[in-house]
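Undergrad: Have a look at this prediction, sequence included:
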Amino acid sequence: MSIDITLTVNGVSHPLAVDPHASLLHTVRDQVGLTGSKEGCDDSECGACMMLIDGRPVNACSYLAVQADGAEVTTVEGLADGNDLTPLQRAFLEKGGVQCGFCTPGMLISATALLRDHPRPTEDQIRIALSGNLCRCTGYDGIVAAVAAAAEQG
Amino acid sequence: MTVTEERPTAEQQGTFIRPDGKEKVTGLGRYTADVNLTGQAHAAFRFADHPHARITRIDTSAARAIPGVYAVVTHEDVPENLYGGMVQDRLLFAKDTVRWEGDVVAGVAARTQAIAREAAAAIVVEYDVLPALPDFVANAQPGAPLVHPEWTAYDADDDLSREGNVVGHSTILKGDVDAAMETADVVVTSRFVADASQGAPIEPRAILAQWTGDRVTVWTSTQVPFAARDGVAHTLGIPQSHVRVIVPLLGGGFGSKCDFHFEAHVAALAEAAGRPVKLVFSRREEFLAPDHRREGMVLEFETGATKDGHLVARRATLHLDKGAYTGEGGFFAQMAAMHACGPYELDNVAVRAMLTYSTNQPSSSIRAPTAPQTCWALEQHMDQVAAAVGLDPVELRRRTLIRQGSHGPTGQVFDEIGMLDTLEAAVEMIGYGQELPDDEAIGVACGWWPSMASPSGAYVKLNGDGTGTIVTGAQECGTGAVMALPILAAEQLGMRPDDFSILYQDTDAGPWDMGASGSQTTFNNGRAVVAAAQEVRAQLLQMAAEKLEIDPADLELVDGTVRAVGAPSTSVTIAELAGTGTPLLGKGSGDLPENPPTDIPSACVGRLGLDSFLAPQLITHAARVKVDRETGVVRVLAFAAAHDSGVIVNKIGADGQVYGGVMMGIGQALSEATYFDEEGRQRNPGLLDYKLQTASDGPRIDVRWIEVDTPNAGPKGSKGVGEPPSVPTSGAVGNAIAQVVGRHVTQLPMTAERVWTTIQDVQEEAK
Ligand code: FES
Ligand code: FES
């Protein structure tokens, strides 16, 4: 059995037929064809799959596609304005916030949500906000510095 | 003639943007799991149902009958070619015996992953269950039951021992330990146990294989594409030229994606299914199935010292858990033996290390294999020695660390090194000696790690518009080492790093390379790129000399032009020269530095090149921790890391290795362990129970580079960078904890429970 839904991803509507148990992550990766969001665990442990749903960060691996019917979904592909990187994306590159890059999509989504709610976060706020996103490469230092630098730039 | 640019390069300004950066922050870059091919099927494995058992029957008929199943493959469908890095002890699909819970018995290719998993479960496998042999110390005893009863018949590296279950037996014997111990003012003995741990990259591995005729292309998340290619060719019995391995973006490895793993299983499934087949591991499988995790160890030390802080003798016995198969990890006993000596002056040494089979998950290289645990144990032992002789632990190290002219534990004589400078820098950065609350303390630990010389190659070619392309066999795993290669080429050619594209991670394109392992990409492939660029430089100079009618020796390459020294207006652009269509193409490998000689018979420690440390990377870490005495919870508040990695080529990349390595080291110190049940099954194969450090756990980390222009090293006097940042980390944390609680925690990781128990023991004894 499949259910008809409309997923609006990065401003584009996709009429889809999905299994009721299909995760938002698999649906966006396999049916919408946007593979920027990663699967690191499929169990809400790593944050690599994070997307914004109506502006709220969620682990898309543990969120049903049918729950997102009619909502605005933003993935990492929806952050940049065309070819222009956001200040946050640029800061990730300049501050050494990206190594292998597998955690980066989730980190960027998490940090985008943080900066919208707290445009001037303290270091502790940044670290706590990102504590649901695991990174094995950077030790978080470059990532925290990047978020702080992006906040500086407003 | 000079070719160096005066203006600061991007990386000198600290804003080196990695060439793969934009695709990574936009989500447009493709990792292996993101690649799909028309008609692809999905793979699942049937793993062993028991850690140790004899297979009596495999029946795949029920699995094959499930609609949507394209192929089921077992040992019957592939050549019976044993494989393994140093001992050929493994088959792709288990035939008679399974030796750990991750042994692969069969593979399925099906229309969906769900069907593949269902079919894998439907395969009937019957066993005679054998006793599990998880205790690697017991397995090393003479007469212990064998994990590989038939293994004397296997092909293996001649330098490995084959004593019962012991794969590698290494000793370092120097001087007269018995006599020297008699002269010591104190003799300190310690015993430590380190649990196994994992590389745990955030990307679970993925593999996609497609046949075209009798050739196969494999996209795979490997750190070592050439080893993966060679493994596919060997196990499937086809020429290496029929296998092409391409690595899309790689989502981290930390050693766990070194070696040949599952590429041939998936290639065999794709051949049987007659269509492309893709395997993507779940997180649970990423814990259970790779034959790669950090080895569990049992370590015993005995050191004699004099009151004035001289180490007169060291004995050590080390047991290492090899797990079920050898893979590339056969050298671990040697490596651990070197780390049991550490970067200290020692005249009398008797170290014995045994790497032993068990029916546990195989261990193999994880970031600085054997070093973090051995260093953790040795450095805690060193603090115990310091206490016994009544010296401050830093002072004891000051008196005993190697320096220029020192004779190392195997007699290697050290060139210019910055070991002591790292100690002083770390001590200064952490504020050693400051007043602290009574639940806080500072611990210090030192360590070392060799640079690995390995053949490597690269091509550099120029395009018609004066830009260039580097074609290399090197592999990027996130460290930025490959990303930094343009810096080296650009310097030779008077170009800018961002003038270069890089073609890499494709075995049909680049020359052979050992891959992203051993912290050696800059060290070896950097040298190759410089050599290739130098060939192109010579070609450019020759062409320009003819055009400008000037002796090539009077020309320089600056800012994309070739110009006369002292007369810059007499010039021709590189674009103009390249645009003529004359191929500007260089290839290089560079001269391999030789390992320093030793003065004890090398057979003692084995002949795998690790009895001396080429261009040693030297490290001191210092940690300030806070211990909650009620709960045993430890928090690292501040961390200082001082490293001699020679001259640093890419600062932002090198800093990133330290931040990441230290956090991995803190994880290993406090929370990361794979726990096995009594049969050797993993009890915590998930990220909720296998605890990585998070952003909110992290301390401030201060980094300082002691840039020694190192002779006999990599480009510009560089050494490696990537592995040392995890080496002394847990030792520093352990020594800090011991300062607070009054005793060293003897099990790694030093979990809250273990710290709490140690506190209770101390209090009990005080009563
Ligand atoms: S994949 Fe969703 S949290 Fe890890
Ligand atoms: S950059 Fe590799 S996991 Fe974060």
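TA: Perfect, I can see it now. Numbering: from 1, shown residues only, chains lettered A, B, ... in the order given. Ligands and ions are numbered 1, 2, ... in the order given.
Undergrad: And stretch B:170-187, what's buried?
TA: Neighbour-count burial for stretch B:170-187 flags B:Ser170, B:Thr171, B:Ile172, B:Leu173, B:Lys174, B:Gly175, B:Val177, B:Ala180, B:Met181, B:Ala184, B:Val186, B:Val187 (criterion: 16 or more other Cβ atoms under 10 Å in any protein chain shown). Where you see a C-beta, it was placed from the backbone N, CA and C, and this is true even at glycine.
Undergrad: Most widely separated two among these?
TA: Using Cβ to Cβ, the pair of these lying farthest apart is B:Ser170 and B:Val186, separated by 27.5 Å.
Undergrad: wait, B:Gly653 sits on B:Ile487?
TA: No. The pair B:Gly653 / B:Ile487 is not scored as a contact, 9.7 Å apart, by Cβ atoms under 8 Å.
Undergrad: Give me the common contacts of these two.
TA: Contact criterion Cβ atoms under 8 Å, 6 or more residues apart in numbering or on different chains; residues shared by B:Gly653 and B:Ile487: B:Phe16.
Undergrad: phi, psi of the nearest residue to B:Leu748 once chain neighbours are set aside?
TA: Counting by Cβ to Cβ, 6 or more residues apart in numbering or on different chains, the nearest residue to B:Leu748 once its immediate chain neighbours are dropped is B:Ala194, at 4.1 Å. Main-chain dihedrals, B:Ala194, degrees, to the nearest 10: phi -110, psi 130.
Undergrad: residues contacting B:Ala194?
TA: For B:Ala194, the contacting residues are B:Gly296, B:Met297, B:Val298, B:Leu299, B:Gln373, B:Trp376, B:Ala377, B:Gln747, B:Leu748, by Cβ under 8 Å, 6+ apart.
Undergrad: Quick one: name the residues of the stretch 101-250 of chain B near chain A.
TA: For the stretch 101-250 of chain B, the contact set with chain A under Cβ under 8 Å from any Cβ of the partner chain comprises B:Ala200, B:Pro201, B:Ile202, B:Glu203, B:Pro204, B:Leu249, B:Leu250.
Undergrad: Can you pick out the most distant pair from the residues you listed?
TA: Pairwise distances among these were taken by Cβ to Cβ; the largest, 18.1 Å, belongs to B:Ala200 and B:Leu249.
Undergrad: Of the two, which one has the most company?
TA: B:Ala200 (25 against 21; other Cβ atoms under 10 Å in any protein chain shown).
Undergrad: Please, where are all the helices along chain A?
TA: In chain A, the helices defined using DSSP state H lie at A:24-26, A:87-94, A:104-117, A:123-129, A:141-152.
Undergrad: Could you dump the ones you listed into JSON lines and include distance to chain B, mean neighbour count and mean pLDDT?
TA: Shown next, in JSON lines, are those (distance: least, Cβ to the nearest Cβ, whole Å; neighbours: other Cβ atoms under 10 Å in any protein chain shown; pLDDT from 0 to 100):
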{"stretch": "helix A:24-26", "distance to chain B": "10", "mean neighbour count": "24", "mean pLDDT": "98"}
{"stretch": "helix A:87-94", "distance to chain B": "4", "mean neighbour count": "23", "mean pLDDT": "96"}
{"stretch": "helix A:104-117", "distance to chain B": "5", "mean neighbour count": "24", "mean pLDDT": "98"}
{"stretch": "helix A:123-129", "distance to chain B": "4", "mean neighbour count": "17", "mean pLDDT": "97"}
{"stretch": "helix A:141-152", "distance to chain B": "4", "mean neighbour count": "23", "mean pLDDT": "96"}
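Undergrad: Which of those sits closest to B:Leu130?
TA: Proximity to B:Leu130 (Cβ to Cβ) singles out helix A:24-26 among these, at 39.7 Å.
Undergrad: Need the contact partners of that closest one.
TA: By Cβ under 8 Å, 6+ apart, the surrounding residues in contact with helix A:24-26 are A:37, A:39, A:42, A:49, A:51, A:53, A:58, A:60-61, A:63-65, A:67-68, A:73.
Undergrad: next one: stretch B:78-90
TA: If you take Cβ under 8 Å, 6+ apart as the criterion, stretch B:78-90 is touched by B:91-93, B:95, B:148, B:151, B:154-157, B:160, B:167, B:231, B:234-237, B:259-260, B:264, B:268, B:291, B:325-331, B:364.
Undergrad: So which of these sit within helices?
TA: Using DSSP H, the subset of the contacts of stretch B:78-90 located in helices is B:Gly231, B:His234, B:Thr235, B:Leu236, B:Ala264, B:Ala268.
Undergrad: just these that are near ligand 2?
TA: Contacts with ligand 2 within the ones in helices among the contacts of stretch B:78-90, counted by Cβ under 6 Å from any ligand atom: none were found.
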